[in-house]
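S.K.: Fold the following and give me the result.
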Amino acid sequence: MMHRLQMTVSRRDFLRRAAAAGAVLGLASARAAAKPARKAELKLCSQEGRVPGKRFEEKMANLRKFGGVGVELGGNPRNRIKPILEATKNAGIGVAALCWGSHGGDLVSTDAAKRKKGIEDMKSALETAGELGSTGVIFVPCFNGQSNLKPPELDKIMLDILPEIGEHAVRAKSRVLIEPLNKGETFYINRIEQAVAICKEVKSPGICIMGDFYHMCKEEKDDEAAFVCAGDLCRHVHLASRVRWLPGQDKLKQPDKPERSFVAGFRGLKRIGYTDYCSLECGCKGDPMVEIPKSFAFLRRQWDEATV
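M.R.: As a prediction, the model looks like this:
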């Protein structure tokens with residue numbers, strides 16, 4: 001048993017080194033290329049709860065007015081599919097990712113019944129995402145306190161369950177989006193390169209990753225290199241300042257510090273030809289009817305500054 005665990009740890013170290021090397025080599029290759037494989041596009045959107053409005057239809061109208069082109073929904077809105085499709089179509093809004101989360105850590109649980117139920121619920125969420133034309137289902141294997149397993153043990157479970165889930169995702173015309181979080185929220189998968197290593201082992205188009213600027217500012221040394229490492233595996237992005245307010249609002253909380261720059265990360269997205277959604281996942285200081293349009297304008301300026 002000890003021999004097997006040592007081999008697993010060594011293998012995990014290998015995956016991390018390979019992913020890190022891939023990030024460096026990928027960035028060097030991208031910088032050497034004259035043009036990205038395809039033209040990137042900044043598609044701003046927001047989580048539903050961040051957008052002001054009493055009814056979903058009003059929220060979508062406001063989001064479109066702000067310049068947003070997509071909405072990120074929470075959980076598995078299985079019983080809302082028809083009204084969501086009607087409201088988003090009327091507003092000219094697309095459906096971005098479903099922010100599904102960890103399901104209590106059930107998918108990596110040592111309890112067989114919990115794991116089975118977690119997988120079934122993930123498959124249902126993937127089906128909902130497919131029917132909505134959503135980017136995919138955001139998945140966090142576990143938050144801190146939800147698992148007592150070590151990362152190598154979690155790796156083994158992930159590599160056991162994800163091939164089947166990936167096949168289901170493809171059939172549902174959707175995908176799983178593994179989200180790295182900072183160490184304050186999870187001890188497992190903190191950087192994009194770690195999520196990429198899992199995806200490359202699974203080798204399924206139904207298993208991809210996403211990046212969150214808030215977590216990246218705590219864990220990544222180079223936002224540009226992180227996104228280049230992900231390449232086509234990156235299918236969703238969360239936007240937030242370093243203090244988790246709207247992008248551009250850093251100085252409202254820390255007036256003596258400059259606003260957080262998104263330029264390096266946006267440059268990385270441009271290098272990989274990113275065309276999926278970038279969604280607000282953050283608080284708001286002030287009136288969102290005023291502050292969200294200002295934040296979107298700030299992000300567009302940052303995007304324009306990210307020359308490649």
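S.K.: Which residue ranges of the protein form strands?
M.R.: Using DSSP state E, the strands found in the chain span residues 43-47, 70-74, 94-101, 137-139, 176-178, 207-212, 234-239, 277-280.
S.K.: May I see the ones you listed arranged in TSV, with mean pLDDT as well?
M.R.: Supplementary listing: those in TSV, determined by pLDDT from 0 to 100:
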stretch	mean pLDDT
strand 43-47	98
strand 70-74	98
strand 94-101	98
strand 137-139	98
strand 176-178	98
strand 207-212	98
strand 234-239	98
strand 277-280	98
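S.K.: In CSV: these, plus mean neighbour count.
M.R.: (Each C-beta comes from the backbone N, C-alpha and C, glycine too.) Formatted as CSV, those follow (neighbours: other CB atoms under 10 Å):
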stretch, mean neighbour count
strand 43-47, 23
strand 70-74, 22
strand 94-101, 24
strand 137-139, 28
strand 176-178, 27
strand 207-212, 26
strand 234-239, 24
strand 277-280, 28
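S.K.: Kindly reformat those as JSON lines and extend each row with distance to Ile161.
M.R.: Listed next are the strands of the chain as JSON lines, based on distance: least, CB to CB, whole Å:
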{"stretch": "strand 43-47", "distance to Ile161": "27"}
{"stretch": "strand 70-74", "distance to Ile161": "23"}
{"stretch": "strand 94-101", "distance to Ile161": "15"}
{"stretch": "strand 137-139", "distance to Ile161": "11"}
{"stretch": "strand 176-178", "distance to Ile161": "10"}
{"stretch": "strand 207-212", "distance to Ile161": "10"}
{"stretch": "strand 234-239", "distance to Ile161": "20"}
{"stretch": "strand 277-280", "distance to Ile161": "26"}
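S.K.: Next one: Met85 from Gly94, what distance?
M.R.: Just to correct that, residue 85 is Leu rather than Met. Distance, Leu85 to Gly94, by CB to CB, to the nearest Å: 11 Å.
S.K.: swap in Asp256?
M.R.: Computed as CB to CB, the Asp256 to Gly94 distance reads 39 Å.
S.K.: again, but for Arg78
M.R.: Taking CB to CB, one finds Arg78 at 19 Å from Gly94.
S.K.: try Asn144
M.R.: Looking at Asn144 against Gly94, where the rule is CB to CB, the gap reads 33 Å.
S.K.: Same check on Cys278?
M.R.: If you measure Cys278 against Gly94 using CB to CB, the figure is 12 Å.
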